[in-house]
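Novice: next input, structure requested:
(one chain, ligands or ions: 2)
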Amino acid sequence: MSVDISTKITVKKASTSKISEVDFDNLPFGQVTTDHMFVCDYKDGKWQQPQVVPYQNISLDPSAKIFHYGQSIFEGMKAYKDNEDQIWLFRPLDNQKRINISAKRLSMPEFPEDYFMEGLKTLLKVESNWIPKTPGSSMYIRPFVLATGNGFHASPADEYKFVIACSPSGAYFGGEVKVLIEQNYSRSANGGVGFAKAGGNYAGQFYPTQLAKAKGYQQVIWTDDNTHEYIEEAGAMNVFVRIGDTLLTCPTSDRILDGITRKSIIAIAEEEGIPVEIRKISVKELVEASNNGTLKEMFGAGTAAVVSPIAGFGFQDKDYDLPTIENSYAVRFKKRITDIQYNRAEDPFGWRYQVK
Ligand code: PLP
Ligand code: COI
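Specialist: Numbering: from 1, shown residues only. Ligands and ions are numbered 1, 2, ... in the order given. Here you go, the predicted structure:
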């Protein structure tokens with residue numbers, strides 16, 4: 001007989017709360033953390049007691065493998081509160097599945113679905129007052145796993161910690177997003193870990209992104225590592241292009257994260273009868289479409305950034321501005337998605353998941 005894991009999770013409440021110090025009308029992204037976190041340790045070949053505990057530091061031996069070999073994976077999710085104070089998640093089982101796809105690639109133990117879902121729900125119920133209701137804000141949720149096992153031998157750790165931390169957050173991007181099409185550096189490679197949410201994938205992006213920022217761009221558009229001729233991702237977002245009235249995005253591969261926002265946008269576009277093409281998109285095609293006026297929109301899509309319009313792109317020392325248009329797909333998709341997320345509209349796809 002299966003055990004109901006929700007009754008097994010222990011909850012130790014914090015003696016004081018930081019919530020009164022938080023300005024919920026001016027939330028940054030991912031800077032404020034809540035009073036509690038969910039933790040579960042892996043040792044002796046199995047996941048141990050799942051717990052909700054006061055938010056606290058993690059103390060590790062300096063030889064812990066996370067510090068040396070970067071065995072670390074994470075997810076990004078959000079919780080939303082509606083006008084009746086009901087709490088909602090968006091396609092959470094997709095994140096649960098994806099963290100285990102990442103775990104497998106990084107030689108880490110998979111985390112059971114019931115531990116993930118019940119841990120998440122228990123934590124969100126404890127932190128319910130922290131879920132913002134200010135427009136455009138939500139509770140950013142960061143499940144992550146790190147290798148806590150010790151030793152300098154370059155091999156997978158024998159101990160791990162699964163954690164869920166929460167951060168009431170506002171918008172990811174403050175203003176306009178201009179992107180630089182990357183011609184030298186690569187985010188990922190064939191046979192690599194680009195499809196996984198591995199910590200190191202992000203560390204490797206920081207330097208090229210800093211170089212792009214110094215030139216006045218906010219993000220890098222990653223191109224394929226082999227030829228740098230085809231666009232693949234926009235920083236920590238999947239990328240979409242609108243040429244004429246057709247919506248284009250590249251197929252996922254072992255270099256590209258299979259984004260949940262991306263597949264939701266494709267489903268909405270198909271439902272709305274928008275022509276969608278999932279195929280390679282060359283930089284040459286973008287430049288030509290920009291020059292002949294058919295490039296109408298570009299936008300990034302991801303949990304943190306939702307749908308983020310791109311104002312223009314830089315390529316080979318030249319800037320290509322995107323026009324301001326009426327009936328923007330980006331605006332339309334953002335509204336459809338956020339209306340479902342915040343329980344403001346019907347959810348014909350069954351994506352919304354109530355925490356109760
Ligand atoms: N691509 C990368 C590299 C990301 O880090 C993210 C963020 O999670 C995405 C795409 C978008 O994925 P999702 O829509 O599942 O958040
Ligand atoms: C997300 O969109 O949730 C992400 O994980 C992006 C993150 C690197 C901020």
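
Novice: what is the neighbour count of residue 306?
Specialist: For residue 306, the number of neighbouring residues by other Cβ atoms under 10 Å comes to 23. C-beta here means a position set from N, CA and C on the backbone, and glycine is covered the same way.

Novice: need the residues of the protein near ligand 2, please.
Specialist: Proximity of the chain to ligand 2 (Cβ under 6 Å from any ligand atom) is limited to residues 76, 202, 236, 302, 303, 304.

Novice: where is pLDDT lowest across these?
Specialist: Looking at pLDDT alone, the residues of the chain next to ligand 2 dip lowest at residue 236, where the score is 93.

Novice: for that residue, give its distance to residue 81.
Specialist: 24 Å (Cβ to Cβ, to the nearest Å).

Novice: same check on residue 147?
Specialist: 34 Å.

Novice: more crowded one of the two?
Specialist: Neighbours were counted for residue 147 and for residue 81 using other Cβ under 10 Å; residue 147 has more, 26 against 22.

Novice: wait, doesn't that one sit right on residue 64?
Specialist: Yes. The criterion here is Cβ atoms under 8 Å, and residue 147 meets it with residue 64 at 6.7 Å.

Novice: if we can go back for a sec, and the residues of the chain next to ligand 2, which two are furthest apart?
Specialist: Maximum pairwise distance in the residues of the chain next to ligand 2, criterion Cβ to Cβ, is 14.1 Å, between 202 and 303.

Novice: neighbour-wise, which of those two wins?
Specialist: The neighbour comparison of residue 202 against residue 303 (other Cβ under 10 Å) goes to residue 303, with 21 against 15.

Novice: what about residue 354, which SS state?
Specialist: Here residue 354 is strand, with the state taken from DSSP: H, G, I helix; E, B strand; the rest coil.

Novice: separation between it and ligand 1?
Specialist: 20 Å (Cβ to the nearest ligand atom, to the nearest Å).

Novice: for residue 260, same thing?
Specialist: Distance, residue 260 to ligand 1, using Cβ to the nearest ligand atom: 4 Å.

Novice: and that residue, its phi and psi?
Specialist: When quoted as degrees, to the nearest 10, the phi and psi of residue 260 stand at phi -80, psi -40.

Novice: what's the local residue count around it?
Specialist: Neighbour tally, residue 260, other Cβ under 10 Å: 22.

Novice: go on, residue 104?
Specialist: Close neighbours of residue 104, defined as other Cβ under 10 Å, add up to 13.

Novice: in three-state terms, label it for me.
Specialist: Assigned with three-state DSSP, residue 104 falls in the helix class.

Novice: show the pLDDT at it.
Specialist: pLDDT recorded at residue 104 is 98.

Novice: again with residue 135
Specialist: Looking at residue 135, its pLDDT stands at 85.

Novice: please apply the same query to the one 10 residues further on.
Specialist: pLDDT for residue 145: 98.

Novice: same deal with residue 2?
Specialist: pLDDT, residue 2: 60.

Novice: pull the number of nearby residues for residue 114.
Specialist: Residue 114: 16 surrounding residues under other Cβ under 10 Å.
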